[in-house]
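Asks: With the input below, show me the fold.
(chains A and B)
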Number of protein chains: 2
Amino acid sequence: VGLSTNCVASKPPDTLRWEGDITGALVLLDQTRLPSVVDYLVCRDVETVERAIRTLQVRGAPAIGVAAAYGLCLGLQSVLSADDSNFFDRLTKVAALLAASRPTAVNLFFAIDRLTARAIELRGRASPSAIAAALLESAQQLEAEDRAMCAAIGAAGAPLFTDGMGVLTHCNAGGLATCGIGTALAGPLVAHQQGRHLHVFVDETRPLLQGARLTAWELMQHGVPCTLICDSMAAQVMREGRVQAVVVGADRIAANGDTANKIGTYGVAVLAKVHGIPFYVAAPVTTFDLTLASGSSIPIEQRASQEVTHWREHQLGPAGVSVYNPAFDVTPAHLITALITDRGLIREVNESGIRRVLGVSTAP
Amino acid sequence: VGLSTNCVASKPPDTLRWEGDITGALVLLDQTRLPSVVDYLVCRDVETVERAIRTLQVRGAPAIGVAAAYGLCLGLQSVLSADDSNFFDRLTKVAALLAASRPTAVNLFFAIDRLTARAIELRGRASPSAIAAALLESAQQLEAEDRAMCAAIGAAGAPLFTDGMGVLTHCNAGGLATCGIGTALAGPLVAHQQGRHLHVFVDETRPLLQGARLTAWELMQHGVPCTLICDSMAAQVMREGRVQAVVVGADRIAANGDTANKIGTYGVAVLAKVHGIPFYVAAPVTTFDLTLASGSSIPIEQRASQEVTHWREHQLGPAGVSVYNPAFDVTPAHLITALITDRGLIREVNESGIRRVLGVSTAP
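Replies: Numbers count the residues shown, from 1 in each chain, chains lettered A, B, ... in the order given. Got it, this is the predicted structure:
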């Protein structure tokens, strides 16, 4: 299905959806072809799902988890009539295949483990086809929880975005990273749906351009007024008084509120502070890692220099140049005005404030 | 001439050079092919020079001025034996052609006006071929002055860059923008030649990537250790303690020291301030415009959205997306630690400090 990206869809396309019963298929929006082409990938076997996760046709931690769950169901379609032993052999193989597709994606392991545990729970008490049907239900439940998580973040965040505001965001923590309305974009999106006029400035987010390719496209699909800028223009846009709030997602939040997110987030947070602009981080409670005292314990992944020196086959930088390409940076808690979670706002961005909202008691 | 960019040249290539006498040719390094290909364009007529300026094969205000001066000489080669009237008709046409190649380049008009004035001064007192020879001398004088300007900035700036320093720069204000060793890069380059160990972090400088394409390449040619980063990584590199000085060029400096330079400069200046890192602006005294009281009088050119949404033929952002693409921003004087000029350092970055070094008395 090829749609012109110039037209604003009445309903934004789903990141993914399951079609049919246990013999059905997983339909994924191919994010590698955005924003030029809106195309869906129909996955009828687990290998196609594994490749889609590995090649970033589907990306974003929540969306990857749900895609893997449905991938597991696809992988069991060949053993619906098999005996119990063959069914569980196949389940083990399929789970291993999916787990290797994106080795750093925590949501992926969580999803696979949850479905595997459910299958083991039913083993001997239900037929393979009944177990497979139950796993499809579990996958659908995961998807529903993901949508609900986004909606809860949107409800908590929306009041922060008032009429006439300019909002700046970095990277893509939108619906394309989830099955719902996203995390960072959920608050502005709900505010927009409630009739408030917002204008979103989208950092293009070098080197992989998730802002340009995904966030800007997604906002246009929702009909939210937006403007694409280069990352280096954020300071100027702030100085000109065009931005009244910044909102970003998070990859990991330490116990004290220090937040790891896409490279460039820290710089935006510093600029927001200097310009007196509130800086919000939106994330589900599953993003908090209370075993990490502070952001200094979060390892920063270094990525390939090719991402900076090339765009597709085009060489941008000199051959052999040294490149520094950290995937993430850590924004210290003192630069964060509030955390927007699916359990509500955390306005006191420190360990006690976080534990209170998460309902976790402080260690003695 | 195609050289591999992997090998470090013993002598960095010239931005431009004149070869031969008044019947000679202008040889330009084709900057549109960098960093993939090191190729020289031999210009034997003014049309080739005009196109080279228009298509950015040669760029940077000082280099454009000198290229235009040599282009004028090339344009007169067909009338060396003509009569006075035909010679001056041709001079007028050639000057107009060159002036239209880059309508906003002040150095270009300055160079053309200087040569035209020299021709008028000699009219009736010398033959067309003698006048043409005098204009070639004027062009060579312009080139020599440009080299001397760079060297003076380098001498003034070098002491600021001490052994072991990390230096961050944005855009390209290097030798490729001049006939000499550049402006922003002159100080670090002279410090390097004096044996001090520096490491330069190069902002890639979206959208046109002058840092990645030109600055990183140029530093490698000089054997200066450097690392290419995306603009959004500057904050992280500063936070990690890798940068002890920032140095950038300038397009225009107002009477109070406010400085217009490539978009992204202001954000880098804010980040430097917050991280306690000195921020230097290097520029010849011709960049100061004392008729402008402050940076708020400097108009900011808005450029085509295509620069942000596309790289060559590749679409990076959604079709029809709104883009904000200011070419420059203004860094307020209070964020600038010192100005590095061809008349020495200006450490008191305000109107009286600037007038003192420039030798201009303050208006009563």
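Asks: Can I get stretch A:164-175 in CSV, CA atoms only?
Replies: Output in CSV follows, covering the C-alpha atoms of stretch A:164-175 (Å, rounded to 0.1, in the frame of the first residue of the first chain):
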residue,chain,number,x,y,z
GLY,A,164,-0.5,28.4,22.0
MET,A,165,2.6,26.6,23.2
GLY,A,166,5.6,25.8,21.1
VAL,A,167,6.9,22.4,22.1
LEU,A,168,10.3,21.0,21.1
THR,A,169,11.1,17.3,20.9
HIS,A,170,14.2,15.2,20.1
CYS,A,171,14.3,11.8,18.4
ASN,A,172,11.2,9.7,18.1
ALA,A,173,9.3,8.6,21.2
GLY,A,174,6.1,8.7,19.3
GLY,A,175,3.4,6.3,18.3
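Asks: averaged over its residues, what pLDDT does it have?
Replies: Across stretch A:164-175, the average pLDDT comes to 97.
Asks: same check, this time on stretch A:120-134
Replies: Mean per-residue pLDDT for stretch A:120-134: 97.
Asks: For that stretch, buried residues please.
Replies: A:L122, A:P128, A:S129, A:I131, A:A132, A:A133, A:A134 (16 or more other Cβ atoms under 10 Å in any protein chain shown). From N, CA and C alone the C-beta is placed, and that goes for glycine too.
Asks: so what's the residue lying farthest from the centre of chain A closest to, chain neighbours aside?
Replies: Within chain A, the residue lying farthest from the chain centre (Cα atoms, centre = their mean) is A:D83, at 37.7 Å. Using Cβ to Cβ, 6 or more residues apart in numbering or on different chains and skipping residues adjacent in sequence, the residue nearest A:D83 is A:P128, 7.5 Å away.
Asks: Now the one you found: phi and psi?
Replies: Dihedral pair for A:P128: phi -50, psi -50, per degrees, to the nearest 10.
Asks: was I right about it contacting A:V79?
Replies: Yes - if you go by Cβ atoms under 8 Å, A:P128 and A:V79 touch, sitting 6.1 Å apart.
Asks: Overlap in contacts, these two.
Replies: Counting by Cβ atoms under 8 Å, 6 or more residues apart in numbering or on different chains, the residues touching both A:P128 and A:V79 are A:F87.
Asks: Next secondary structure after the worst-scoring helix or strand of chain A on mean pLDDT?
Replies: Ranked by mean pLDDT, DSSP states H and E, the weakest helix or strand in chain A is strand A:314-315, scoring a mean of 90. Remark: after strand A:314-315, the chain's next helix or strand is strand A:322-323, criterion DSSP states H and E.
Asks: any residues touching the next helix or strand after that following strand, and which ones?
Replies: As assigned by DSSP H and E, the chain's next helix or strand after strand A:322-323 is strand A:328-331. Strand A:328-331 has contacts (Cβ under 8 Å, 6+ apart) with A:251, A:258-267, A:269, A:279, A:281, A:295-296, A:298, A:300-301, B:233, B:235-236, B:239.
Asks: Residue ranges in the stretch 251-364 of chain A under the pLDDT threshold?
Replies: A:361-364 (pLDDT under 70).
Asks: which parts of it sit against chain B?
Replies: Applying Cβ under 8 Å from any Cβ of the partner chain, we find that the stretch 251-364 of chain A lies next to chain B at A:263-264, A:266-267, A:270-271, A:274, A:305, A:308-309, A:311-312, A:314-326, A:329.
Asks: Weed out the non-buried ones from those residues.
Replies: Applying 16+ other Cβ under 10 Å to these, the neighbour count classes A:263-264, A:266-267, A:270-271, A:274, A:305, A:308-309, A:311, A:315-318, A:321-326, A:329 as buried.
Asks: Count the residues that sit near A:Q302.
Replies: For A:Q302, the count of nearby residues is 12 (other Cβ atoms under 10 Å in any protein chain shown).
Asks: and it, what does it touch?
Replies: A:Y324, A:N325, A:P326, A:A327.
Asks: repeat that with 6 Å
Replies: By Cβ atoms under 6 Å, 6 or more residues apart in numbering or on different chains, the contact set of A:Q302 is A:P326.
Asks: how close does it sit to chain B?
Replies: Per Cβ to the nearest Cβ, to the nearest Å, A:Q302 is found 11 Å from chain B.
Asks: One more: A:A293?
Replies: For A:A293, the distance to chain B (Cβ to the nearest Cβ) stands at 19 Å.
Asks: Then A:V281?
Replies: 16 Å.
Asks: Secondary structure element holding that residue?
Replies: Applying DSSP H and E as the criterion places A:V281 in strand A:279-282.
Asks: Can you pull the phi and psi angles for the residue of the stretch 51-200 of chain A found nearest chain B?
Replies: Nearest to chain B, among the residues of the stretch 51-200 of chain A, is A:H170, at 7.9 Å (Cβ to the nearest Cβ). Backbone torsions for A:H170, taken as degrees, to the nearest 10, come to phi -130, psi 140.
Asks: Leaving aside the residues adjacent along the chain, what's closest to it?
Replies: The shortest distance from A:H170 to any non-neighbouring residue, by Cβ to Cβ, 6+ apart, is to A:D203 (4.3 Å).
Asks: what number of residues lie near the one you found?
Replies: Around A:D203 there are 31 residues (other Cβ under 10 Å).
Asks: A:V167 is in contact with that one, correct?
Replies: No - between A:D203 and A:V167 there is no contact under Cβ atoms under 6 Å: 11.6 Å.
Asks: Could you check how many residues crowd around the nearest residue in space to A:M165 that is not next to it in sequence?
Replies: Distance criterion Cβ to Cβ, 6+ apart; nearest residue to A:M165, sequence neighbours excluded, is A:Q244 at 4.4 Å. The tally of other residues near A:Q244 (other Cβ under 10 Å) stands at 19.
Asks: Look up how far A:T259 lies from A:Q244.
Replies: Applying Cβ to Cβ, to the nearest Å, the value for A:Q244 to A:T259 is 21 Å.
Asks: so where's the stretch 1-150 of chain A shaky on pLDDT?
Replies: Ranges of the stretch 1-150 of chain A meeting pLDDT under 70: A:1-11.
Asks: looking at it, A:Q57 is touching A:L29, isn't it?
Replies: No - in terms of Cβ under 6 Å, A:Q57 does not count as a neighbour of A:L29; the distance is 8.3 Å.
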